[in-house]
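S.K.: no sequence for this one, just the structure:
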């Protein structure tokens, strides 16, 4: 007579159906999380590749900087979408992650303000150029010694403002806020770590995404700050592990951009931005011409007058080029500020809601 099978032997032969259902659910969930993470990392890779230099060697322009800040805004916004797709509310975050996120967002808001101050200084410089061009307008045919003195004084002031390092004593008040960016960025880079973490699947995806956002933010902010401040001391060098899909694109971009900025200053140049370099050259060209000018030289049909007109036209073109780059860059920095502020406020609102509902905040994601 055959022996009846007990329940244990049935499960050994066919597997525990309850355990199989749980495993399948866990597997499906892991696949979903991996899909969300891969989409995020592929998107970040694409954005970094779009920033590969398309401008002449040894020069960075305002258009590239605007695009770089735009990449930061889009990447931070996509992080918010990733958190939503993971269904990973702040109440489920490790307390350490929350503290770091809130601390970093405060630092980024300070950096945005510092960049805005530096852009405002360039906009003021632009206004001074327009004032000089107004004084250089001799279309009415009336030129007095008094007007000529004002023109020369205006151009002399511009030459002083052109010196970003204050060598001539005319621009010795440097933006302490932009100088402080190096301290902020270095502090952020020291906390940029990604090793083996004891965390839920959601937590692991979140930490990988946060690492990408933070690394990209530190790098691009250091480049923009360095270019605006006029020295390479604000550059941050990061090493990204190969385990990230975007690491190759990041390291290639960092090597190319930081290398160009360092070469600029190593070659004795005071400016990195192409628009400022062109404007400086135009001022340097028109200044000695005006210094030797007298009201008697403003006579139609003379070679000297035509020479002056060409120099003034070049100055007009160069300041217009600067304006075309500064306006959208200023707007992009402002947009980035609000993206950071919105993300920070969303987290704080979530924490307040959790407190009202009595949901405990986790202090361990193991």
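M.R.: Sure thing, it's come through. The model shown is predicted, which means the values in this text are computed figures rather than measured ones. Numbering: from 1, shown residues only.
S.K.: residues contacting residue 317?
M.R.: Applying Cβ atoms under 8 Å, 6 or more residues apart in numbering, we find residue 317 in contact with residue 282. C-beta: built from backbone N, CA, C; applies to glycine.
S.K.: give me the distance from the helix or strand encompassing it to the chain's centre.
M.R.: Assigned by DSSP states H and E, residue 317 belongs to helix 303-357. Helix 303-357 sits 11 Å away from the centroid of its parent chain (Cα atoms, centre = their mean, to the nearest Å).
S.K.: swap in stretch 78-97?
M.R.: 23 Å.
S.K.: and it, which residues are buried?
M.R.: Burial within stretch 78-97, assessed by neighbour count using 16 or more other Cβ atoms under 10 Å, is assigned to 78-79, 82-83, 85-86, 88, 90-94, 97.
S.K.: kindly report the same for stretch 178-191.
M.R.: With burial defined by 16+ other Cβ under 10 Å, the residues of stretch 178-191 counted as buried are 178, 181-182, 184-185, 188-189.
S.K.: name the surrounding residues that touch it.
M.R.: The set of residues that contact stretch 178-191 without belonging to it, under Cβ under 8 Å, 6+ apart, is 100, 104, 107, 110-111, 114-115, 117-118, 214, 217-218, 221-222, 225, 228-229, 233-234, 236, 238.
S.K.: quick one: low-confidence ranges for the stretch 151-300 of the chain?
M.R.: 163-175, 195-200, 295, 297-300 (pLDDT under 70).
S.K.: same thing but at 50, please
M.R.: 166-173 (pLDDT under 50).
S.K.: got the buried residues for the host helix or strand of residue 149?
M.R.: Taking DSSP H and E as the criterion, the element that holds residue 149 is helix 145-161. For helix 145-161, burial by neighbour count (16+ other Cβ under 10 Å) applies to 148, 151-152, 154-155, 158, 161.
S.K.: counting by contacts, list what it packs against.
M.R.: helix 95-135, helix 274-291 (3 or more Cβ pairs under 8 Å, 6 or more residues apart in numbering; DSSP states H and E).
S.K.: for residue 210, which of these is the nearest?
M.R.: Closest approach to residue 210 among the helices and strands packed on helix 145-161 is made by helix 95-135 (7.5 Å; Cβ to Cβ).
S.K.: run the angle between that closest one and helix 274-291 for me.
M.R.: What separates the directions of helix 95-135 and helix 274-291 is an angle of 30 degrees, with axes from the mean of the first three to the mean of the last three Cα atoms, to 10 degrees.
S.K.: now helix 95-135: how far from the chain's centre is it?
M.R.: A distance of 11 Å separates the C-alpha centroid of helix 95-135 from that of its chain, computed with Cα atoms, centre = their mean.
S.K.: tell me the angle that helix makes with helix 303-357.
M.R.: Helix 95-135 runs at 160 degrees relative to helix 303-357, counting by the same axes, to 10 degrees.
S.K.: what's helix 95-135 packed up against?
M.R.: The criterion is 3+ Cβ pairs under 8 Å, 6+ apart, and the helices and strands that helix 95-135 contacts are helix 145-161, helix 176-190, helix 201-229, helix 274-291, helix 303-357.
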